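Undergrad: Based on what follows, work out the 3D shape:
(one chain, ligands or ions: 1)
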Amino acid sequence: MEEENDNPKFKSLKDKLSKRTLKSIKSMGFKHMTAIQAEVLPKALNGCDVVATAKTGSGKTLAFLIPIVEAVSKQTMENQAPGVHVVVATPGRLFDHMRTKEFDYKHVNCLVLDEADKIFQYGFEEDLKQIIGRLPKKRQTMLFSATEADTTQALIKSAMKEDVQSINTSEDNLRATVKGLKQGCKSVVFHYEFFSKYCQAAVLCIHGKMNQADRTETISNFYNAEKVALFCTDLAARGLDIPAVDWIVQFDPPSDTNEYIHRVGRTARGLGAAGNAVLLLRPEEKEFVDYLHEAKIYLDKFESWNRYYNLQSKLDEAFSDPGFHKLAVDALEGYIRAFEVKKLKHVFNLLTLDLNAAARSFGLKEKPDVDIRVGFSKKHRPRKRKAMQEALTGHISKQLKT
Ligand SMILES: Nc1ncnc2c1ncn2[C@@H]1O[C@H](COP(=O)(O)OP(=O)(O)OP(=O)(O)O)[C@@H](O)[C@H]1O
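TA: So this is what the prediction gives:
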């Protein structure tokens with residue numbers, strides 16, 4: 001967090017916080033509140049409904065956790081409340097439980113919606129409507145997100161009291177990501193399999209096709225390792241709070257500026273923390289930097305990279321294995337298909353892609369002699385895009401034939 005010592009101290013809330021909570025905060029080594037905590041805590045501890053937007057890594061979790069802990073400890077002191085006090089769940093799982101007889105939610109008095117912007121993106125809207133419709137009306141509701149989305153307005157109207165307090169600590173700042181984060185852009189190639197197998201580098205990977213146990217193990221290994229690189233999909237773009245992450249390297253560009261903010265938010269977390277982020281863009285994609293600029297994200301441009309490590313001999317070794325060659329072709333296909341889901345289609349434009357160059361960036365000598373099916377997958381293929389899809393498919397097939 002960039003907020004330093006001129007923020008109010010947690011001690012200033014001593015009338016509202018129990019001694020036990022203050023002691024616990026102190027034992028975590030926190031003295032001063034972050035900006036979002038200083039804004040949210042006094043209101044939330046008074047029982048107000050709160051809508052809060054603040055940058056990634058700015059301390060939102062404690063801003064809602066402290067009022068919850070206070071409420072629970074008061075209640076357990078007043079009467080022994082049987083059962084579970086706090087339930088953490090995605091809307092889908094929570095609604096599943098609410099439909100079972102055993103799950104008694106009649107006494108719920110606080111609902112916190114974290115990562116609210118994602119609720120709509122992941123299609124949880126209907127589940128959430130059902131949850132809100134069933135919960136007791138007399139309750140406190142708090143909504144937190146790192147980025148603002150118009151869609152959350154409807155949610156605020158349906159779920160919150162009229163005198164809801166809106167707080168946005170990212171608005172009054174001049175930048176959308178924390179200050180300790182250095183960013184730049186340059187096209188470099190990263191390939192997990194290559195680094196682990198042929199360079200014997202300390203690397204880990206995490207993606208959606210891994211089962212939960214393997215994911216948990218990977219995160220725990222990453223958390224505990226002294227020096228390691230984690231190759232990941234957007235699965236790890238949000239919600240992970242791992243201290244001492246030094247670098248975020250975005251090989252595949254984010255689909256929009258919000259996604260960028262969440263990805264880089266995995267570094268420079270904690271008071272005075274620093275981190276670095278690199279975004280790799282093709283020259284044709286440079287306009288994305290303007291979009292980031294509009295979103296108050298300022299990047300440094302790396303003009304020269306003089307610390308390249310020559311990997312050619314390792315690449316030659318790797319590509320003598322046909323299995324590895326196939327892996328590279330699959331990776332190239334994945335890279336091309338990722339264009340389908342980019343929101344800024346004119347920036348991340350498949351029509352401008354030089355397939356030979358893209359192939360080389362995956363260590364291939366030239367574009368592969370295989371059928372890479374491109375265009376829009378069914379899911380992203382509204383009729384209006386058909387002509388576009390045909391043009392793109394034609395463009396890539398033509399390049400493959402020549
Ligand atoms: N008052 C504080 N002083 C110092 N560090 C803090 C303070 N509050 C929280 N932190 C630390 O800052 C880090 C980021 O906090 P947190 O995970 O709550 O951020 P966030 O805003 O929820 O981020 P995201 O949007 O990415 O989930 C954590 O490591 C947390 O322990």
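
Undergrad: And what about the spatially most central residue of the chain, helix, strand or coil?
TA: Nearest residue to the geometric centre of the chain (CA atoms, centre = their mean): residue 238, 2.6 Å. Of the three states, residue 238 takes coil under DSSP: H, G, I helix; E, B strand; the rest coil.

Undergrad: go on, residue 52?
TA: Under three-state DSSP, the three-state class of residue 52 is strand.

Undergrad: Surely it and residue 62 touch.
TA: No. Using CB atoms under 8 Å, residue 52 makes no contact with residue 62, being 11.9 Å away. For the C-beta atoms, the positions are set from N, CA and C on the backbone; glycine is no exception.

Undergrad: higher neighbour count, those two?
TA: Ranked by neighbour count (other CB atoms under 10 Å), residue 52 and residue 62 place residue 52 first, with 25 against 19.

Undergrad: where does the stretch 51-200 of the chain dip in pLDDT?
TA: For the stretch 51-200 of the chain, residues meeting the criterion pLDDT under 70 lie at 78-80, 121, 149-151, 171-193.

Undergrad: Show me which residues of it are close to the ligand?
TA: 54, 56-62, 146 (CB under 6 Å from any ligand atom).

Undergrad: follow-up on the earlier one: which residues does the closest residue to the residue nearest to the centre of the chain other than its chain neighbours contact?
TA: Leaving aside its chain neighbours, residue 238 sits nearest to residue 262 (4.8 Å; criterion: CB to CB, 6 or more residues apart in numbering). Contacts for residue 262 (CB atoms under 8 Å, 6 or more residues apart in numbering) come out as 56, 146-147, 237-238.

Undergrad: circling back: please indicate which of the residues of the stretch 51-200 of the chain next to the ligand are buried?
TA: 54, 56-60, 62, 146 (16 or more other CB atoms under 10 Å).

Undergrad: and the residues you listed as CSV, adding secondary structure?
TA: Below are those laid out as CSV (three-state DSSP):
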residue, secondary structure
54, coil
56, coil
57, coil
58, coil
59, coil
60, helix
62, helix
146, coil
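
Undergrad: so what's the backbone phi/psi at residue 142?
TA: Dihedral pair for residue 142: phi -130, psi 140, per degrees, to the nearest 10.

Undergrad: looking at it, it is touching residue 49, isn't it?
TA: Yes. Applying CB under 8 Å as the test, residue 142 and residue 49 come out as touching, 6.8 Å apart.

Undergrad: could I get the contacts of residue 262 as TSV with distance to residue 352?
TA: Compiled in TSV, the contacts of residue 262 are given as follows (distance: CB to CB, whole Å):
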residue	distance to residue 352
56	30
146	31
147	28
237	25
238	29
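
Undergrad: roughly how far apart are residue 219 and residue 237?
TA: Distance, residue 219 to residue 237, using CB to CB, to the nearest Å: 13 Å.

Undergrad: Those two: which is more packed in?
TA: Taking other CB under 10 Å, residue 219 and residue 237 do not tie; residue 237 has more neighbours (20 against 17).

Undergrad: I'd guessed the more buried one sits against residue 266; true?
TA: Yes. Judged on CB under 8 Å, residue 237 makes contact with residue 266 at a distance of 7.3 Å.

Undergrad: can you give me the strands in this structure?
TA: Secondary structure of the chain by DSSP state E: the strands cover 50-53, 110-113, 140-145, 165-168, 181-185, 203-206, 229-232, 247-250, 275-279, 300-301.
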